[in-house]
Structures are given as structure tokens and as C-alpha cells.
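Engineer: 3D, please:
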Amino acid sequence: MRRQTKSETLTKTDKESGFTLVEILAVLVIIGLISGIVAFNLPSPKTATQTQAETLTRQLNALSQNGLISGEIQAFGVSEKGYSLYRYDGERFTSVATMDWTENVKIALRRNDTKTKVPEEISPQILFEPTQISTPFILDLSGPRARFELQSKGDGRVVMVKTE
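Structural biologist: Model (predicted):
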């Protein structure tokens, strides 16, 4: 009687269990392709100019809404160095927040389609009435890699538009 070797006692399913090297490599290639597609479709990081423009847009819209709720005139002022948000208490404008521009941001202000010289010192220039009427303006924020316009058509609402 002949003895069976270990390799002869293995069944067909035991020999075929597991994955071949080609199958493993194919799965790795598919995973790599999917990862590459996802990585290329991720949004690019925001520039400092975009962050500043988005923040200022939110602040100006909140300022306008605050005027509607409080019944007080609100204002916005810019200079080459920064900007300030104001409220009018019936006698004078009081600054409620002041911020500096981020590095390398250049600004230009247009009111009623006329370019306005940006002053050295911040003072109230754009009014937001409690009736949701505001001074129409376009504030251009230009940075090294991006340019944005903050626009108000006089309806108390400020929108941000990316320009080239």
C-alpha cells in the first residue's frame, strides 16, 4: 500500500484558496485610481484674500440685519490699513469692530459707479439704514492670487463675487 504525500492529500479547494498576485495588484491599481480622482477633485485651499472677503461679507450682512433689528443706522468705513463697523446712537457714530487688512491685500472703493479715494484714516462711508436701504458700493479686494468684489446695490444686502 502506497502512502500519500501531503500534497496529494490536499483537495482542489485547498490549492485554489487565496488570491493571486495579479488579483491583488489589480485591486491596488483600482484603489489608487479612485484615490487619485478624489484627491484631484478636492477644493483648493482658500487664499487669505478669499477668507478676508468672505468674513467681511458676513460682517456687513450681519451689520445690516442688526440695524433692521435695533432700528439704528449702521455704517462701514475703510482705509488703506483696515476697516471698521459702526453704529449710530442718535448723536454720533461709535465703532463696534475694527479689523486690519491681511497682508498683500489692495483695496479700491466705488460708490455710485465712481471710484472713491480710500482715506488714510477710517471713518463711516457706507450707511446701512434700518429700512434696509444702503449706500450702493463696490469694494474690490485684490490679493496675489485672487480678486473679489463685495457689492451692494443699495438694498442692504452685500454679495461677494470672484473676479479674474
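Engineer: May I ask you to confirm that residue 36 belongs to a strand?
Structural biologist: No - applying DSSP: H, G, I helix; E, B strand; the rest coil, one finds residue 36 to be helix, outside a strand.
Engineer: Just give me the neighbour total for it.
Structural biologist: 10 (other C-beta atoms under 10 Å). Backbone N, C-alpha and C define where each C-beta goes, glycine included.
Engineer: what does stretch 151-164 rub up against?
Structural biologist: 50, 53-54, 57, 60-61, 64, 67-68, 126, 128-129, 132-140, 146-150 (C-beta atoms under 8 Å, 6 or more residues apart in numbering).
Engineer: Go through these and flag which are in helices.
Structural biologist: Secondary structure defined by DSSP state H assigns 50, 53, 54, 57, 60, 61, 64, 67, 68 of these to helices.
Engineer: Narrow those residues to those that are buried.
Structural biologist: 50, 53, 57, 60, 61, 64, 67 (16 or more other C-beta atoms under 10 Å).
Engineer: In three-state terms, label the nearest residue to residue 83 once chain neighbours are set aside for me.
Structural biologist: The shortest distance from residue 83 to any non-neighbouring residue, by C-beta to C-beta, 6 or more residues apart in numbering, is to residue 99 (5.8 Å). Of the three states, residue 99 takes strand under three-state DSSP.
Engineer: Begin at 815 from now on, thanks
Structural biologist: In the new numbering, first residue 815, that becomes residue 913.
Engineer: is it true that residue 913 touches residue 893?
Structural biologist: No - using C-beta atoms under 8 Å as the test, residue 913 is too far from residue 893 to be in contact (11.1 Å).
Engineer: Those two: which has the busier surroundings?
Structural biologist: Between residue 913 and residue 893, counting by other C-beta under 10 Å, residue 893 is the more crowded of the two (17 against 14).
Engineer: Report the rounded mean pLDDT for stretch 949-968.
Structural biologist: Averaging pLDDT along stretch 949-968 gives 91.
Engineer: Any idea which helix or strand in the chain has the lowest mean pLDDT?
Structural biologist: helix 820-823 (a mean of 58; mean pLDDT, DSSP states H and E).
Engineer: how far away is residue 884 from residue 924?
Structural biologist: Distance, residue 884 to residue 924, using C-beta to C-beta, to the nearest Å: 28 Å.
Engineer: Looking only at neighbour counts, state which of these two leads.
Structural biologist: residue 924 (15 against 11).
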